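Colleague: Got a predicted structure plus its sequence, pasted below:
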Number of protein chains: 2
Amino acid sequence: MPEKYRNLHIKLTPQRLAILSYLNGNRTHPSAEDIYKAVQKQYPTMSFATVYNTLEALKEKGNIRELKLDSAKKRYDPDNTPHHHLICVKCNEIVDIHWAFELSLPDKTVQGFELIGNHIEFYGICRKCKK
Amino acid sequence: MPEKYRNLHIKLTPQRLAILSYLNGNRTHPSAEDIYKAVQKQYPTMSFATVYNTLEALKEKGNIRELKLDSAKKRYDPDNTPHHHLICVKCNEIVDIHWAFELSLPDKTVQGFELIGNHIEFYGICRKCKK
DNA sequence: TATTTGACAAGAATCATTCTCATGTGATAA
DNA sequence: TTATCACATGAGAATGATTCTTGTCAAATA
């Protein structure tokens, strides 16, 4: 069992390990379907229920982030260090932006909200789609 | 016909005017269903097709923005001036943040993307949900 | 007037996601 | 060891937002 999964405190079944192994180091920000298809090669009986249940558990533990950048489907990011995203408006490719910004807000603009965090979406056209 | 709709260049039917009138000045970032319910009071035969068609047309003309902040459904913002959003992680209330930020990126981080724009999501807990 | 164009509305279709439920399995208690 | 419990799995049904289809209608134009 990889060191990084030690503190997950969820039952690590073979299916869950396969999902974790697919996510580990993955920079493609896969959807549930991407994960399902990939893991199904190894576990032909894998069901979407298991994929979604596992993603939900990982999300709760803070191991992955759910992205709303793609309006057609949720996508997941296994990199839980703070970072932002750049998305191609044509093909929906997502790349990570590891660059810090100072984003403080004047009190009067937050209307009594207790601020928790932020996330920047950059929009653009990727190299492939420009051609 | 209100001045601001002059340059829309779409056919302004009664149904569309009702939708525009509901959106005009609306700061609640309504979903398609919110719009449907509101306009249905005036036009009982209103259908979702008309709501979605109209929203699509308005989006194309740059009159409204489609928001992806709420993963359960698309929400629409009739304010087309540049601004960011603050969303309550509990009730999904969205408020506008009219505050400008300098968000330039070093070339090496954009991986050949042609940058178009950006949008910041601030997360927090609203006054009501804090109680 | 005849024709064309595009909007409307009802409902069907699609599709991502969630739910249900029967079954299985590993851990723990007796 | 055996019984019980908690929870994961998987097949498929259900849900619900959005999109599509199709027939009808009305305004605009020739």
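Modeller: Structure received. All figures in this text were calculated on a predicted structure; none of them were measured in a lab. Residues are numbered from 1 along each chain as shown, chains lettered A, B, ... in the order given.
Colleague: Provide the backbone phi and psi angles at the closest residue to DNA strand C within chain A.
Modeller: Here the residue of chain A nearest DNA strand C is residue A:74; by CB to the nearest atom of the strand that distance is 3.2 Å. (Glycine included, C-beta is placed from N, CA and C.) When read as degrees, to the nearest 10, the backbone of residue A:74 gives phi -70, psi 150.
Colleague: how about the residues of chain A near chain B?
Modeller: A:66, A:68-71, A:74, A:86, A:88-89, A:95, A:97-99, A:101, A:103, A:105-106, A:109-127, A:130 (CB under 8 Å from any CB of the partner chain).
Colleague: Show me the shaky parts of chain A.
Modeller: Within chain A, the ranges that satisfy pLDDT under 70 run A:1-2.
Colleague: re the thing from before, excluding its backbone neighbours, what's nearest the residue of chain A closest to DNA strand C?
Modeller: Leaving aside its chain neighbours, residue A:74 sits nearest to residue A:66 (5.6 Å; criterion: CB to CB, 6 or more residues apart in numbering or on different chains).
Colleague: For that neighbour, give me its contacts.
Modeller: Listed by CB atoms under 8 Å, 6 or more residues apart in numbering or on different chains, the contact partners of residue A:66 are A:55, A:59, A:74-77, B:71.
Colleague: Quick check: the farthest pair among those residues?
Modeller: Farthest pair in the contacts of residue A:66 (CB to CB) is A:77 and B:71. Separation: 13.8 Å.
Colleague: With neighbour numbers in mind, choose between those two.
Modeller: residue A:77 (20 against 13; other CB atoms under 10 Å in any protein chain shown).
Colleague: Might you enumerate the residues of chain A proximal to DNA strand D?
Modeller: Residues of chain A lying near DNA strand D by CB under 7 Å from any atom of the strand: A:10-11, A:13-16, A:43, A:45-50, A:53-54, A:57.
Colleague: what secondary structure does the spatially most distant residue from the centre of chain A sit in?
Modeller: Relative to the C-alpha centroid of chain A, counting by CA atoms, centre = their mean, residue A:108 is the outermost residue, at 32.1 Å. What DSSP: H, G, I helix; E, B strand; the rest coil gives for residue A:108 is helix.
Colleague: likewise residue A:91?
Modeller: Applying three-state DSSP: residue A:91 is coil.
Colleague: helix, strand or coil for the nearest residue to it once chain neighbours are set aside?
Modeller: Closest residue to residue A:91 apart from its sequence neighbours, by CB to CB, 6+ apart: residue A:129 at 5.4 Å. Classification of residue A:129 by three-state DSSP places it in helix.
Colleague: Residue A:87 is in contact with residue A:129, correct?
Modeller: No. Residue A:129 sits out of contact with residue A:87 when judged by CB atoms under 8 Å, with a separation of 11.4 Å.
Colleague: For those two, work out which one has more neighbours and name it.
Modeller: The residue with more neighbours, out of residue A:129 and residue A:87, is residue A:87; 23 against 15, by other CB under 10 Å.
Colleague: Look up which residues are beta-bridged to that one.
Modeller: residue A:94, residue A:123 (DSSP bridges).
Colleague: What separation is there between it and residue B:117?
Modeller: Distance, residue A:87 to residue B:117, using CB to CB, to the nearest Å: 11 Å.
Colleague: What of residue A:15?
Modeller: For residue A:15, the distance to residue B:117 (CB to CB) stands at 40 Å.
Colleague: Which one's more surrounded, the two?
Modeller: Legend: neighbour count by other CB under 10 Å for residue A:15 and residue B:117, higher for residue A:15 (18 against 11).
Colleague: what's the helix or strand for that one?
Modeller: helix A:14-23 (DSSP states H and E).
Colleague: Packing partners of that helix?
Modeller: helix A:32-40, helix A:48-60 (3 or more CB pairs under 8 Å, 6 or more residues apart in numbering or on different chains; DSSP states H and E).
Colleague: Show me what the residue positioned nearest the centre of chain A is bridged to.
Modeller: With distances taken as CA atoms, centre = their mean, residue A:77 lies nearest the centre of chain A, 1.9 Å away. With DSSP bridges applied, residue A:77 shows beta-bridge pairing to residue A:65.
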